[in-house]
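# Pasting the sequence and the predicted model now:
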Amino acid sequence: MEDFRILGINRHRMHTDGKGITTLVALAECPLSCRYCINKELLQEKKPISLSPRALAERLSIDHCYFVYTDGGVTFGGGEPLLHSRQISAFAGLCPEEWNITLETSLNVPADLLLPLLTERFFFLVDIKAMQPEIYLHYTGQDNRRAIENLSLLCRQLPPDHYAVKLPLIPGYSGRAEAADSSEKLQALGIPTENISVFSYLTP
C-alpha cells in the first residue's frame, strides 16, 4: 500500500467542509489547472510529507473525542483526494466508525478510482466548477465529461444525504446566469435542489 502524499493537516475546523469539528487533510496532486487555484503555490512550493493510512489514523486520533461529541471527522481535500483512492479506503477501515469522512473532490478522475468509495461510509462534497463544457475547459484546462459522468454515477449509487454539489461564481468565467444554468443541468441528473449550493469564489 502506497503512502498518502500530504501537503498539510489543519485541525479544529468548525462546520467547515463537513459536520462538527473536522480535520482537513490536504493531499498532493490534481488533474486540473484552475486559473484561480488557491493551492497553486502550495502545490508548487511545499514538499509533501508521506504517511501510511495507519500512521495518519493514529495521528488524527488525538481529536477522537472532538469528532465523536460533535459528529465531526476528517475531510480529505487537495489537490484531488480521489487520486489517493486506495489509501482512503484503507484509512476508512482503520479509523473508528464514528468518524465522518468527507471527500472534497472535482470528480474529474477515472471511474475506477471513484467506484470503491461509493459507499455510505463517505460523504462527497463535489466542486463541479461549471456544467458548461466551454467554461469548464477555459477555467480548468480539462474537459468536464468525466466529472459529469462520475457525478451521475454517484447520485445513482448514493442517497442524497451522502453528497452535496458546490457551484462557484468565478469572476470572468461563471456568473449568476451560468450558475443558474448549471443548477438546472444538475437537477436534470436527479440531484435535489437542496443539495446544490452557489457561492462566491475568492480569487487570489
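Sure thing, it's come through. Treat the numbers as computed from the prediction; the structure is a model and nothing was measured.

# Restrict the strand ranked longest in the chain to CA atoms and write it as CSV.
Taking DSSP state E as the criterion, the chain has its longest strand at strand 4-14. Taking C-alpha atoms only, strand 4-14 is exported to CSV below (Å, rounded to 0.1, in the frame of the first residue of the first chain):
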residue,chain,number,x,y,z
PHE,A,4,-0.5,9.4,1.4
ARG,A,5,1.3,12.4,0.0
ILE,A,6,0.1,15.2,2.3
LEU,A,7,0.5,18.9,1.9
GLY,A,8,-0.9,19.8,5.2
ILE,A,9,-3.1,18.9,8.2
ASN,A,10,-5.5,21.6,9.6
ARG,A,11,-7.2,20.7,12.9
HIS,A,12,-10.2,22.1,14.8
ARG,A,13,-12.2,23.4,11.9
MET,A,14,-15.8,24.0,13.0
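
# Next up, the contacts around the residue nearest in space to the middle of the chain.
For the chain, the residue nearest the mean C-alpha position is Glu104 (1.2 Å; Cα atoms, centre = their mean). By Cβ atoms under 8 Å, 6 or more residues apart in numbering, Glu104 lies in contact with Asp17, Thr75, Phe76, Gly77, Gly78, Pro81, Leu125, Asp127. Heads up, the C-betas are built off the backbone N, CA and C, glycines and all.

# Can you add distance to Leu60, neighbour count and pLDDT and give those residues back as JSON lines?
Below are the contacts of Glu104 laid out as JSON lines (distance: Cβ to Cβ, whole Å; neighbours: other Cβ atoms under 10 Å; pLDDT from 0 to 100):
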{"residue": "Asp17", "distance to Leu60": "15", "neighbour count": "17", "pLDDT": "80"}
{"residue": "Thr75", "distance to Leu60": "11", "neighbour count": "24", "pLDDT": "97"}
{"residue": "Phe76", "distance to Leu60": "11", "neighbour count": "29", "pLDDT": "97"}
{"residue": "Gly77", "distance to Leu60": "14", "neighbour count": "22", "pLDDT": "94"}
{"residue": "Gly78", "distance to Leu60": "17", "neighbour count": "24", "pLDDT": "85"}
{"residue": "Pro81", "distance to Leu60": "15", "neighbour count": "26", "pLDDT": "97"}
{"residue": "Leu125", "distance to Leu60": "18", "neighbour count": "18", "pLDDT": "97"}
{"residue": "Asp127", "distance to Leu60": "23", "neighbour count": "19", "pLDDT": "95"}
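
# As JSON lines, the residues you listed with distance to Asn195 and secondary structure would be great.
Shown next, in JSON lines, are the contacts of Glu104 (distance: Cβ to Cβ, whole Å; DSSP: H, G, I helix; E, B strand; the rest coil):
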{"residue": "Asp17", "distance to Asn195": "15", "secondary structure": "coil"}
{"residue": "Thr75", "distance to Asn195": "17", "secondary structure": "strand"}
{"residue": "Phe76", "distance to Asn195": "20", "secondary structure": "strand"}
{"residue": "Gly77", "distance to Asn195": "19", "secondary structure": "strand"}
{"residue": "Gly78", "distance to Asn195": "22", "secondary structure": "coil"}
{"residue": "Pro81", "distance to Asn195": "20", "secondary structure": "helix"}
{"residue": "Leu125", "distance to Asn195": "11", "secondary structure": "strand"}
{"residue": "Asp127", "distance to Asn195": "13", "secondary structure": "strand"}
